[in-house]
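Colleague: please find the sequence and the predicted model below.
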Amino acid sequence: MSLDDLLLNLRNLESEDYPQLKTLMDSIYDDIGGAWSKSTIDKLIDEFPDGQILIEDDDRIVGVALTARVDYDEFSNPHKYDDLIGHREIILNAADGDALYGLDVLINPAYRGHRLGRRLYEARKDLCRSMNLRAILAGGRIPNYHLHADVMSPSAYLDAVARKEIHDPILSFQLANDFLVKRLLRKYLPEDEKSQGYATLLEWNNILYEPAERIIENRKTQVRVGAVQWQMREFASVESVLQQVEYFVDAVADYQSDFVVFPELFNTPLMGLTDQSDQIQAIHFLAGFTERFKTEISRMAVSYNINIIAGSMMEVGEDGRLYNVSYLCHRDGGTERQSKLHITPQERRDWVVEGGDELQVFDTDAGRVGILICYDVEFPELPRLLAEQDMDVLFVPFWTDTKNSYLRVRHCAQARAIENECYVVLCGSVGNVPSIENLDIQYAQSSVFSPSDFAFPHDAVMSESTPNTEMVIFSDLDLTRLKVVRSEGSVTNLKDRRKDLFDLRLRDWSWKSGGRLTGNRQDES
């Protein structure tokens, strides 16, 4: 499977999807009878549309989760698969049931390895929470049991899988997704020869309750971000940098984060692989790796199911000029870019970097976000323009060498959070690399800032790192609190601007669809 054109979408199953569903089910369940009939699927969709979830790549269905609503007391006790099936293969969906029952999860073999099954399970959990249901139940096959049936009992097999001594493609996956084995089910699906008719009764308990709504169609309001305070060090190859990036992506994704952000120009140590006597030639050498970094980090975003703010990297534009660009790699496979607009004297002098001419608010599955690279956050006009386009979170990848330089960025970033009533995530690099020009020293204390009001920390600092230490910081951001502070806060900065006295005007610029501002001049009066 090629990742170049990958574009994933999560939505509910519809009747017209049946031909693709049948093909997928027939190929995966060839050992237990293949696909449900169209009438069975149509009735399931009609009775419980929210429970039938799929992932598509463009228009191709690549993953499906089928779910019924059941009575917890009945199905949390021993039962058979046939107890779910009525006359003429009609799945018995209980409209007033207090639990979900996982019928099937199928992933196209060509798309395995990208954690699509986990994504479907998380959607099921979100649905369970939103409906205020007690639990998710499932009868889980144990298809690798036949390989061990001669030497161990089913119970011993379950224990070995739980201890990770044996891998079972279904049970191992269920356990990794926080399901607990309640009991062993006998003769659950007699025709399942690989499982020898056995199955596990699995349960995921819902400990959170939210207003009932169609979660799949609504943007998250609780968002977790992770910022990687990256240590600059000598690297022997591109592969070694990418290995370090993936290590942090994996670690942050394990904490169920929606975003991970890296610092500005985090891959600059690769300049050490070439002659540095000519800095312009060396920085163009570095820019030659950018396309590979984009491809690999986009792959990580999909594989680890996390949106990645890929710090920033040097890019040679179509005009042959050099730009400092940040990339937003969405976990659905899409990639967007934000150039640095204001260039520091050092960047102009040593590397001849040009400023970009586009400013954008990005729509994500976890809020509307903006990206301003380092120096850009010191210009309050830019965050204000983004705030006027309903930005929730501003990411600021930065690179500073001394504490006074860092404090300029920090104080301006915190001011932007207060005056624009948004969250600001500040992420920088640390370490000393004297062997590489312009990387002698770094100073950073990565932080997450909030508006300053009662709903937020007293100092408006959600989280901050230890200065000058490689580490990761996490912060949980409640986007609903932004709506409250903007309309009912102790002060309401955005609402109370004196537009009769001043205004932020745009010259030769225009907002395009999606919240993108393009042009070449701006003015404030």
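Modeller: Looks like it arrived, so ask away.
Colleague: assign Asn404 to helix, strand or coil.
Modeller: Under the three-state scheme (DSSP: H, G, I helix; E, B strand; the rest coil), Asn404 adopts helix.
Colleague: distance of it from Arg410?
Modeller: As defined by CB to CB, to the nearest Å, Asn404 lies at a distance of 11 Å from Arg410. For the C-beta atoms, the positions are set from N, CA and C on the backbone; glycine is no exception.
Colleague: settle it for me: which of the two has more neighbours?
Modeller: Legend: neighbour count by other CB atoms under 10 Å for Asn404 and Arg410, higher for Arg410 (24 against 9).
Colleague: that one falls within a helix, correct?
Modeller: Yes: secondary structure of Arg410 (three-state DSSP): part of a helix.
Colleague: pretty sure it sits against Cys427.
Modeller: No: when contacts are counted by CB atoms under 8 Å, Arg410 is not listed as touching Cys427 (11.6 Å).
Colleague: where do the helices of this protein begin and end?
Modeller: Assigned by DSSP state H, the chain shows helices spanning 18-28, 38-47, 72-75, 116-130, 154-162, 171-176, 238-254, 279-287, 290-303, 345-346, 381-387, 403-420, 479-488.
Colleague: and these as a markdown table, adding distance to Gly370 and mean pLDDT?
Modeller: Formatted as a markdown table, the helices of the chain follow (distance: least, CB to CB, whole Å; pLDDT from 0 to 100):
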| stretch | distance to Gly370 | mean pLDDT |
| --- | --- | --- |
| helix 18-28 | 37 | 93 |
| helix 38-47 | 39 | 94 |
| helix 72-75 | 44 | 92 |
| helix 116-130 | 26 | 92 |
| helix 154-162 | 45 | 95 |
| helix 171-176 | 34 | 92 |
| helix 238-254 | 20 | 97 |
| helix 279-287 | 24 | 94 |
| helix 290-303 | 18 | 97 |
| helix 345-346 | 24 | 93 |
| helix 381-387 | 4 | 96 |
| helix 403-420 | 10 | 97 |
| helix 479-488 | 13 | 88 |
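Colleague: output these as JSON lines; include the columns distance to Val260.
Modeller: Written out in JSON lines, the entries for these read as follows (distance: least, CB to CB, whole Å):
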{"stretch": "helix 18-28", "distance to Val260": "31"}
{"stretch": "helix 38-47", "distance to Val260": "36"}
{"stretch": "helix 72-75", "distance to Val260": "37"}
{"stretch": "helix 116-130", "distance to Val260": "16"}
{"stretch": "helix 154-162", "distance to Val260": "30"}
{"stretch": "helix 171-176", "distance to Val260": "20"}
{"stretch": "helix 238-254", "distance to Val260": "4"}
{"stretch": "helix 279-287", "distance to Val260": "22"}
{"stretch": "helix 290-303", "distance to Val260": "9"}
{"stretch": "helix 345-346", "distance to Val260": "27"}
{"stretch": "helix 381-387", "distance to Val260": "21"}
{"stretch": "helix 403-420", "distance to Val260": "18"}
{"stretch": "helix 479-488", "distance to Val260": "18"}
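Colleague: quick one, which of those gets closest to His330.
Modeller: Between His330 and the helices of the chain, the shortest separation by CB to CB is 6.3 Å, and it involves helix 290-303.
Colleague: count the neighbours of Gly320 for me.
Modeller: Gly320 is surrounded by 6 other residues when neighbours are defined as other CB under 10 Å.
Colleague: just the one 10 residues further on next, same as before
Modeller: By the other CB under 10 Å criterion, the neighbourhood of His330 contains 20 residues.
Colleague: could you do Gly140 as well?
Modeller: For Gly140, the neighbour count with other CB under 10 Å is 22.
Colleague: again, but for Val369
Modeller: Using other CB under 10 Å as the criterion, the residues surrounding Val369 number 27.
Colleague: you'd agree it is up against Met391?
Modeller: Yes: counting by CB under 8 Å, Val369 does reach Met391; the two are 6.6 Å apart.
Colleague: list the residues that contact both of those two?
Modeller: Here Val369 and Met391 have Val361 as joint contacts, going by CB atoms under 8 Å, 6 or more residues apart in numbering.
Colleague: so which of the helices of the chain is nearest Val261?
Modeller: With distances scored as CB to CB, the stretch of the helices of the chain nearest to Val261 is helix 238-254 (9.2 Å).
Colleague: and that closest one, what does it pack onto?
Modeller: strand 222-231, strand 259-261, helix 290-303, strand 471-478 (3 or more CB pairs under 8 Å, 6 or more residues apart in numbering; DSSP states H and E).
Colleague: and if we set it to 6 Å?
Modeller: helix 290-303 (3 or more CB pairs under 6 Å, 6 or more residues apart in numbering; DSSP states H and E).
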